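*Asks:* here's a sequence, model it:
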Amino acid sequence: MKILYVSNACSREKFEEFLANCEEKPEQASQKFNLLTMLGLAKNGERIISLTTLPVNRKRSKKYFFKMEQETRDTIEYLYLPIINIPIIKVIMNLILVSIFLLKICLSVKEEKVIICDALNFSSSIAAQIISHIFKVEILGIVTDIPRMMDY
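*Replies:* Modelled structure (predicted):
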């Protein structure tokens, strides 16, 4: 089975790099929960693709553009989606990019798949919900933090 994990979760190394470079530190409960969930699933033999939107906003970084990156750690394939760090544009771009990447993955992966998404990441979870209905893929929404701790 292939698990498509849609969240703000990064690899440990990427998150440490992110923390070192950000001006305001984000809450880490969501990162920890999502990473531990992915690592646990991977250790049980599941193949995981993590579609990640880095947890940036204008308070955390003055940088306007984050390019797409890809890495594999602990058998988890991370796809860090590009971001334009301007509030409304970031949300719209995330909705479109998550939709495109999930569409591409659902078309190319023939094995059984499931989508797991962070339900509080509105744009990503809406995109995941739409794609799951189109391809009749099981979807699971998880709530990792209380809303006041979100980026938006």
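*Asks:* this protein: strands as residue ranges?
*Replies:* Counting by DSSP state E, the chain has strands at residues 2-7, 47-52, 65-66, 69-73, 76-80, 83-84, 113-118, 138-142.
*Asks:* please work out which of these is packed deepest.
*Replies:* Neighbour counts averaged per stretch over those are highest for strand 2-7, at a mean of 24; criterion: mean count of other CB atoms under 10 Å. Quick note: C-beta positions are derived from backbone N, CA and C, even for glycine.
*Asks:* tell me the mean pLDDT for the helix ranked longest in the chain?
*Replies:* Longest among the helix segments of the chain by residue count, using DSSP state H, is helix 87-108. Mean per-residue pLDDT for helix 87-108: 94.
*Asks:* for it, buried residues please.
*Replies:* Neighbour-count burial for helix 87-108 flags 90, 91, 93, 94, 95, 97, 98, 99, 101, 102, 105, 106 (criterion: 16 or more other CB atoms under 10 Å).
*Asks:* ok, now stretch 1-20?
*Replies:* 2-11, 14-15, 18.
*Asks:* quick one: least confident of these?
*Replies:* Lowest confidence among the buried residues of stretch 1-20: residue 18, with 84.
*Asks:* is it in contact with residue 54, as I believe?
*Replies:* Yes: here residue 18 reaches residue 54: they are 6.5 Å apart, a contact under CB atoms under 8 Å.
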